[in-house]
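J.: Task: produce atomic coordinates for the following.
(one chain, ligands or ions: 1)
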Amino acid sequence: MALNFAFSADYSNFSLQFKIMRIDIISVVPALLESPFEHSIMKRAQDKGILSVHVHNLRQFGLGKHQQVDDYQYGGGAGMVMMVEPLSKCFDHLLAQRQYDEVIYLTPDGERLHQGLSNQLSLKENLLLLCGHYKGVDERIREKYITRDISIGDFVLSGGELAAAVLVDSIGRLIPGVLNDETSALFDSFQDQLLAPPVYTRPADYEGMQVPPILLSGNDGAINEWRYQQSLQRTKARRPDLLED
Ligand code: ADE
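T.: Predicted coordinates for the structure are as follows:
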């Protein structure tokens, strides 16, 4: 199921200026991946033709009448394992069409996602993501096809789809041309190992709660210095581990 690849006339020469990223996702619950890319920044990225996201239903490669994709694990124990054959067929089908820079398995035992990794992946052109389910995938699939395992945190989700959505969102917004004001991603939390400073908008006085006067001063140098100090204070208070590196 292709989730959009609009190339409108307005953006017809975008490929000359911007890289186009294609992300394929293998899932047993593709419906979980419909909404996250159909709104806001991810939708805009696809409408501009900078990002294309394609979700593939593993069941299409399932075995037999019931399109089976999972089975009991050898050695006993609760929980099903995603089978080799449907996954191999699906991977071979996709790999026959293009080369992928990375084939990523979303799993709680993977490398923990961080901003640096999202930055790195945003420079790639073709990514293939596998969403795990049940007890996980047969290890032979990991050995044969997976180049990178990524976890979005030390907790267990029911499946890799929400993790894939998080990964695609964090990468997608970094692709040049996706954000309106490209500098805004540069000032995100974590880009320089610091949390972002507090932000304010109108009104300047809300029931007696004032916006810090420096932000109304028009003095860019002083504002930048204030923001930096706020970032530093916030990071020291909330995430001192970031300052240790
Ligand atoms: N699948 C289940 N839990 C996950 C996690 N924390 N990160 C990535 N994929 C997952």
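
J.: need the contact list for the nearest residue to I152 once chain neighbours are set aside.
T.: Once flanking residues are discounted, I152 sits nearest to A163: 4.5 Å by C-beta to C-beta, 6 or more residues apart in numbering. Every C-beta, even on glycine, is put in place using the N, C-alpha and C of the backbone. When contacts are counted by C-beta atoms under 8 Å, 6 or more residues apart in numbering, A163 is found next to 106, 131, 150-152, 157.

J.: repeat that for 6 Å
T.: A163 makes contacts with 106, 152, 157, as judged by C-beta atoms under 6 Å, 6 or more residues apart in numbering.

J.: The helix or strand containing it near the ligand anywhere?
T.: Assigned by DSSP states H and E, A163 belongs to helix 161-172. Yes - residues of helix 161-172 contacting the ligand under C-beta under 6 Å from any ligand atom: A163.

J.: what's the answer for stretch 80-100, then?
T.: No - judged by C-beta under 6 Å from any ligand atom, stretch 80-100 and the ligand are separated, with a smallest distance of 12.0 Å.

J.: for the record, mean pLDDT for that stretch?
T.: Stretch 80-100 shows a mean pLDDT of 98.

J.: Name the residues of it that are buried.
T.: Within stretch 80-100, the residues scored as buried using 16 or more other C-beta atoms under 10 Å are 81-83, 86-88, 90-91, 94, 100.

J.: And for stretch 54-70?
T.: For stretch 54-70, burial by neighbour count (16+ other C-beta under 10 Å) applies to 54-59, 61-62, 69-70.

J.: among the residues you listed, which are in strands?
T.: 54-57, 70 (DSSP state E).

J.: With distance to G172 and pLDDT added, can I get those residues in a markdown table?
T.: Below are those laid out as a markdown table (distance: C-beta to C-beta, whole Å; pLDDT from 0 to 100):
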| residue | distance to G172 | pLDDT |
| --- | --- | --- |
| H54 | 14 | 97 |
| V55 | 14 | 98 |
| H56 | 18 | 98 |
| N57 | 21 | 98 |
| D70 | 30 | 97 |
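
J.: before we move on, the earlier item: so which of the contacts of A163 reach the ligand?
T.: 106, 152, 157.

J.: Of all the strand elements in the protein, which one is longest?
T.: Max-length strand for the chain by DSSP E is strand 102-112.

J.: coming back round to it: tilt between the helix holding A163 and strand 102-112?
T.: Angle, helix 161-172 to strand 102-112, by axes from the mean of the first three to the mean of the last three C-alpha atoms, to 10 degrees: 100 degrees.

J.: okay, helix 161-172 in CSV with CA atoms only?
T.: What follows is helix 161-172, C-alpha atoms only, in CSV (Å, rounded to 0.1, in the frame of the first residue of the first chain):
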residue,chain,number,x,y,z
GLU,A,161,4.6,0.1,14.1
LEU,A,162,4.5,3.0,16.6
ALA,A,163,8.2,2.8,16.9
ALA,A,164,8.5,3.0,13.1
ALA,A,165,6.2,6.0,13.1
VAL,A,166,8.4,7.7,15.7
LEU,A,167,11.6,6.9,13.7
VAL,A,168,10.1,8.1,10.4
ASP,A,169,8.8,11.4,12.0
SER,A,170,12.2,12.1,13.6
ILE,A,171,14.0,11.5,10.4
GLY,A,172,11.5,13.0,8.0
